[in-house]
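Novice: Got a predicted structure here, sequence first:
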Amino acid sequence: MAALQNLEGQVIFLTGAAEGLGYATARTFAREKVRLAIVDVQAEKLAKVAAECEADGAEVLPIVADLSDAAATTAAAEKALAQFGVPRLMLHNAAILNERSMSDVTFEQWRKEVNIIMQAAFLLSKAMWQPMIDAGGGSLLYISSGSALKGFLKEVAYTPAKHGQEGLMKTLAMEGKPYNIIANTITTGIAINTPMSAGHYSEDQRARWVDPALLTPAYVYIARQDLTSYVSGERLDAWQMSEKIRSGELV
Ligand SMILES: NC(=O)c1ccc[n+]([C@@H]2O[C@H](COP(=O)([O-])OP(=O)(O)OC[C@H]3O[C@@H](n4cnc5c(N)ncnc54)[C@H](O)[C@@H]3O)[C@@H](O)[C@H]2O)c1
């Protein structure tokens, strides 16, 4: 299975595409003229993104779904599989970050955040798993965070959920190896200007945040890679990779 020179006509499945990093990622893949299945809970914004991506040259399937809901999550994956076929890349980007300490958080609040990040990573990968095996392989990629490596105050849900994605990825990388299914996580590697950041960043972080579009070359690069030889089971860094792509060090 050789590395792809271009992604035209390939299926990309992307969550959290209505705004922020997911929006920038959708627009970048659209310019590659992929078949793009985009999922988000914000229906109006998703429809607008879909129209923009179609204007960029992609074939787009917008799927409105609340990824905190298990049945809706599996249904979103099945809809994309039925209409577009097996994705080359399943990129789980959607997340919420509600800062709450242990004293304040309710179980329902905790569960919603964990479900969007962690349960959805599992359910989307589960729905794609056998189809990817049957298709000869596929790439699973979850957006990671500094919160996947260490704890932060008031992140009693976000931090364990991001840690959990890392564990799922490592196990799926091992189990996927015989089937050419690769699994990785990818952290932002730099402060990014998104609605999530606007609600949580300090003045200092806002002073140096960058446009999330600067991270998206890394995702396209990963989607192009040979599934039989590209890294699997790794935590990648989107900023570092994208900088190397811009400098020509990574081609
Ligand atoms: N912003 C940062 O500084 C930062 C840092 C490290 C990692 N990340 C990660 O990057 C990814 C993107 O973050 P962002 O800053 O663009 O966030 P954002 O809040 O700006 O965008 C998140 C997107 O996910 C969607 N979403 C939220 N809940 C959903 C649900 N229940 N069902 C379906 N879609 C839902 C939102 O509608 C939105 O379009 C996340 O995984 C986040 O954890 C962000």
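Specialist: Okay, I see it. Numbering: from 1, shown residues only.
Novice: ranges for the strands of the stretch 51-200 of the chain?
Specialist: Remark: strands assigned in the stretch 51-200 of the chain by DSSP state E, counting those that start in this stretch are 59-64, 89-92, 138-143, 181-187.
Novice: so which of these comes closest to Ala50?
Specialist: strand 59-64 (4.0 Å; Cβ to Cβ). Quick note: C-beta positions are derived from backbone N, CA and C, even for glycine.
Novice: quick one: contacts for the residue in the chain that the ligand sits nearest to?
Specialist: Distance from the ligand to each residue of the chain (Cβ to the nearest ligand atom) is smallest for Gly20, at 2.3 Å. Residues in contact with Gly20 (Cβ atoms under 8 Å, 6 or more residues apart in numbering) are 192, 194-197, 212.
Novice: Ok, His163 next?
Specialist: 147-149.
Novice: Buried among those? Make that a ChimeraX selection.
Specialist: To isolate the buried subset of the contacts of His163 in ChimeraX, counting by 16 or more other Cβ atoms under 10 Å, use the following:
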select :147,148
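Novice: For the contacts of His163, could you give me TSV that also reports distance to Gly9?
Specialist: Formatted as TSV, these follow (distance: Cβ to Cβ, whole Å):
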residue	distance to Gly9
Ser147	36
Ala148	33
Leu149	37
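Novice: How about the residues of this structure by the ligand?
Specialist: Applying Cβ under 6 Å from any ligand atom, one finds that the chain approaches the ligand through 16, 18-22, 40-42, 66-68, 93-96, 116, 143, 145, 188, 191-192, 194-197.
Novice: ok, how many other residues are close to the closest residue to Gly85 other than its chain neighbours?
Specialist: Using Cβ to Cβ, 6 or more residues apart in numbering and skipping residues adjacent in sequence, the residue nearest Gly85 is Val11, 5.7 Å away. As a burial measure, Val11 scores 24 neighbours (other Cβ atoms under 10 Å).
Novice: Next, Val11: phi, psi?
Specialist: phi -90, psi 130 (degrees, to the nearest 10).
Novice: need the contact list for it.
Specialist: By Cβ under 8 Å, 6+ apart, the neighbours of Val11 are 34-37, 80, 84-88.
Novice: residue ranges with poor pLDDT in the chain?
Specialist: Scanning the chain for pLDDT under 70 picks out the ranges 1-2.
Novice: Longest helix in it, please.
Specialist: helix 158-176 (DSSP state H).
Novice: how about that helix: buried residues?
Specialist: Within helix 158-176, the residues that count as buried by 16+ other Cβ under 10 Å are 158-166, 168-170, 172-173, 176.
Novice: from the contacts of Gly20, which is closest to Asp237?
Specialist: Taking the contacts of Gly20 together and measuring to Asp237 by Cβ to Cβ, the closest member is Ile192, at 12.8 Å.
Novice: all helices in the chain, in order from the N-terminus.
Specialist: Under DSSP H, the chain gives helices at 20-30, 43-56, 70-84, 107-114, 120-135, 158-176, 195-200, 203-208, 216-224, 238-247.
Novice: what sits up against the third one?
Specialist: Outside helix 70-84, the residues that touch it by Cβ under 8 Å, 6+ apart are 11, 13, 35, 37, 39, 59, 61, 63, 65-67, 87, 115, 119-120, 123-124, 126-128, 131.
Novice: tell me the angle that helix makes with strand 59-64.
Specialist: Relative orientation of helix 70-84 and strand 59-64, computed by axes from the mean of the first three to the mean of the last three Cα atoms, to 10 degrees: 160 degrees.
Novice: now the second one
Specialist: For helix 43-56 against strand 59-64, the angle by the same axes, to 10 degrees is 170 degrees.
Novice: For helix 43-56, which helices and strands make contact with it?
Specialist: Helix 43-56 makes packing contacts with helix 20-30, strand 35-40, strand 59-64 when contacts are defined by 3 or more Cβ pairs under 8 Å, 6 or more residues apart in numbering; DSSP states H and E.
Novice: Next, the angle from the longest one to helix 43-56.
Specialist: Here helix 20-30 runs at an angle of 30 degrees relative to helix 43-56 (the same axes, to 10 degrees).
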